[in-house]
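*Asks:* okay, sequence plus prediction incoming.
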Amino acid sequence: MTDNLTGCSSIPEYREETASAPALKYSLRESVFALVFSFVGYFFIKTFIINCPGIGAAIFMILTALAAALLARLSGAKSGKGSRIYFVLTLIFSANLSVTGNGLIMLLDFMFAAITFSLWAFSVNNSDWRGIDDSFIYSFARALFGQSFGNFVHCPTASAELIRRSKGGKALRNAALGILMAIPVTLLVTFILSSADERFSHIMGSIFGAISLRGIWLYALGLPVSFLVFGIAYGAVKEKSCKRDENEVIAKSMKIAPGIMLYTSVIPLCAVYVIFFFSQISYFVSGFAGILPEQFSAAEYARRGFFELCIVAVINLLIIAAMNLFCRYDSKSGENKRPSPPSDFLRFCCPSLH
């Protein structure tokens, strides 16, 4: 449209539009649970590091699992038979901390409880996952590490959302910032006045002595643990996609190590196992008349060997899982087919066999 006086186009009328408020990222329920879970790290340090794990650690882990299950239930998360089995196993391994005093068994109980808890959270709201299949190693890695580290920021941000939503949240935040700004100057003035008067110095020493910062430090040190645990619990609330085709594509992209390299990497370990077997064969075969190591009874030898073999079994499981996850199976056709390890090793030793 042209202005009749100037012949120029008229300037469009400015209309002020009110921007719509952004939708809240977290529900009130999730924000409250995030604030509650922020104390998980503090109690973890108190029960597992400062104090010897026992019935207190068992109760702590059971309550943490129940709180996560309550959050999933209130959020309408769908769980199947497999997820319920994982949750029951989590409670069993957690409760076992109260009935054993062996440090290795406690460590294994904690590890198994953490693994089953992660698998429970991963299986909830995940209708595409079928449990143990060809891509289980990748799914297991996503359950154990993807949920915890992938959702690491949700605990602090959801807790901050709770403060932002409250009517007095802004005033509370400003008051906290004001106190933090006043601390350096207050400490400086207190130090100067304490050096000027002995009675004032005694009074302020009593006040600061009554204020214990130990709990604050423990809470701060435990925050990373709190963020990881809430990340797993938050993963149970959100719907996930774990389709088999997607897993296969990602799993193939992770196969970066040549097969021959991984095969040869376990040869020294297998050699150690062979030497150990033959060194212990006199204790295994009854034809040697039940020979035992010196100063060991049969029960003591069996009990000691059991724990060591459990550790070795866990190490072997991790090695097998890593080989399955990263091993690249080269073939002439370009397909990722699994070759025969003996034939591949022979081609490595004898290039003329190619």
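*Replies:* Right, received. Where do you want to start?

*Asks:* what strand or helix carries the spatially closest residue to residue 113 that is not a sequence neighbour?
*Replies:* Of all residues not flanking residue 113 in the chain, residue 93 sits nearest, at 3.8 Å (CB to CB, 6 or more residues apart in numbering). For every residue, glycine as well, the C-beta is placed using N, CA and C. Assessed by DSSP states H and E, residue 93 sits inside helix 81-95.

*Asks:* hang on, residue 152 packs against residue 228?
*Replies:* Yes - under the criterion of CB atoms under 8 Å, residue 152 makes contact with residue 228 at 6.6 Å.

*Asks:* neighbour count: these two, which is higher?
*Replies:* Neighbours per residue (other CB atoms under 10 Å) separate residue 152 from residue 228, with residue 228 holding more: 20 against 15.

*Asks:* so which strand or helix has the residue lying closest to residue 104 once chain neighbours are set aside?
*Replies:* Nearest residue to residue 104, sequence neighbours excluded (CB to CB, 6+ apart): residue 307, at 5.0 Å. Per DSSP H and E, residue 307 falls inside helix 298-326.

*Asks:* let me see the confidence value for the nearest residue to residue 194 once chain neighbours are set aside.
*Replies:* Of all residues not flanking residue 194 in the chain, residue 201 sits nearest, at 3.8 Å (CB to CB, 6+ apart). With respect to pLDDT, residue 201 scores 84.

*Asks:* ok, back up a step: show me which residues of the helix holding residue 307 are buried.
*Replies:* The neighbour-count check on helix 298-326 (16 or more other CB atoms under 10 Å) flags 323, 325 as buried.

*Asks:* so residue 56 touches residue 47, yeah?
*Replies:* Yes - between residue 56 and residue 47 there is a contact at 4.8 Å, judged by CB under 8 Å.

*Asks:* ok, those two, which is more surrounded?
*Replies:* residue 47 (20 against 16).

*Asks:* which residue sits closest to the more buried one, ignoring its sequence neighbours?
*Replies:* Nearest non-adjacent residue to residue 47, counting by CB to CB, 6+ apart: residue 57, 4.3 Å away.

*Asks:* what do you get for residue 61?
*Replies:* residue 94 (3.8 Å).

*Asks:* ok, and what's touching stretch 266-274?
*Replies:* For stretch 266-274, contacts defined as CB atoms under 8 Å, 6 or more residues apart in numbering pick out 319, 323.

*Asks:* mind pulling up the pLDDT for residue 334?
*Replies:* pLDDT, residue 334: 45.

*Asks:* and residue 292, by the same measure?
*Replies:* On the pLDDT scale, residue 292 gets 67.

*Asks:* how about residue 193?
*Replies:* In this model, residue 193 carries a pLDDT of 84.

*Asks:* ok, how many other residues are close to it?
*Replies:* Residue 193 is flanked by 12 other residues according to other CB under 10 Å.

*Asks:* tell me which stretches of the stretch 151-300 of the chain form helices.
*Replies:* 154-165, 169-196, 198-210, 214-237, 244-253, 259-265, 267-279, 281-284, 298-326 (DSSP state H, counting those that start in this stretch).

*Asks:* nearest to residue 61 among those helices would be which one?
*Replies:* Taking CB to CB, helix 214-237 is the member of these nearest to residue 61, at 10.1 Å.

*Asks:* flag the shaky bits of the stretch 101-250 of the chain, pLDDT-wise.
*Replies:* Along the stretch 101-250 of the chain, the parts satisfying pLDDT under 70 run over 128-137, 166-170, 172-173, 209-212, 241-250.

*Asks:* at 90 instead, please
*Replies:* 101-108, 123, 125-147, 149-150, 159-220, 237-250 (pLDDT under 90).

*Asks:* got a list of what the closest residue to residue 46 other than its chain neighbours touches?
*Replies:* By the measure of CB to CB, 6+ apart, the closest residue to residue 46 outside its immediate chain neighbours is residue 218, 7.0 Å from it. Residues near residue 218 by CB under 8 Å, 6+ apart: 42, 45-46.
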